[in-house]
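In: pasting a predicted model and its sequence here:
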Amino acid sequence: MKENVWLVVVCSLVIGGIVGYFIAPSTKQTTPSTPPAQIVSTEQNKIVARQVFEEVDKGNLAFLDEVAASDYRLYFPAGNPQALDGAGHRKLVEGLRSGFPDVKHTIFDQIAEGDKVTTVGSFTGTHKGEFQGIKPTGKSVTVSFIQVVRFSEGKIVGEWINLDTQGLLQQLTK
């Protein structure tokens with residue numbers, strides 16, 4: 001008789017555990033797959049990536065130097081094996097601001113994972129200055145882009161940008 005009681009107790013525990021697992025999974029304790037420190041870091045990286053666009057729009061190019069690591073590299077377009085350093089990136093942005101002094105970036109989406117932030121957006125501007133050898137046309141343009149930024153220790157170390165350069169040139173030369 002004692003053996004039957006133990007059998008009933010063990011069976012009840014096993015069945016109760018199985019039923020509890022499948023019937024009430026929302027009550028299970030789970031641990032996040034990403035540690036809290038990395039969640040904060042990922043969110044901070046998204047903020048910095050967004051601030052770069054905001055500061056470029058304001059003309060504060062010194063911000064680029066503040067957030068770029070000493071070994072920063074820009075791959076533009078993204079597949080270009082010849083990377084630009086921080087000075088080359090700044091010159092590129094100066095050319096954009098010179099050609100489109102009212103440049104305004106709009107961010108549609110940002111996705112961050114690990115040390116990378118991907119931003120999808122566009123910029124608008126009026127062609128008021130020479131840009132890549134094209135004299136000012138006074139035309140307004142809208143250009144879409146995708147940017148991937150890699151961070152290390154809070155600084156941007158790598159950046160890959162693809163933008164619709166063909167669409168930009170078509171808008172300027174139509």
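Out: That came in fine, so what should we check first? Residues are numbered from 1 along each chain as shown.

In: got the domain boundaries for the protein?
Out: 1-30, 31-173 (automatic domain parsing).

In: which ones are touching residue 124?
Out: Neighbour list for residue 124: 103, 104, 106, 140, 141, 142, 143 [criterion: CB atoms under 8 Å, 6 or more residues apart in numbering]. C-beta coordinates here come from the backbone N, C-alpha and C atoms, glycine included.

In: let me know the secondary structure of it.
Out: Under DSSP: H, G, I helix; E, B strand; the rest coil, the three-state class of residue 124 is strand.

In: please tell me how far it sits from residue 143.
Out: 8 Å (CB to CB, to the nearest Å).

In: so for residue 26, what's the pLDDT?
Out: Model confidence at residue 26, given as pLDDT, is 41.

In: and for residue 81?
Out: At residue 81, pLDDT is 76.

In: how about it, phi and psi?
Out: phi -70, psi -20 (degrees, to the nearest 10).

In: just read off the phi/psi values of the residue lying closest to it once chain neighbours are set aside.
Out: Take residue 81 and drop its neighbours on the chain: the residue closest to it by CB to CB, 6 or more residues apart in numbering is residue 75, 7.9 Å away. Main-chain dihedrals, residue 75, degrees, to the nearest 10: phi -110, psi 110.
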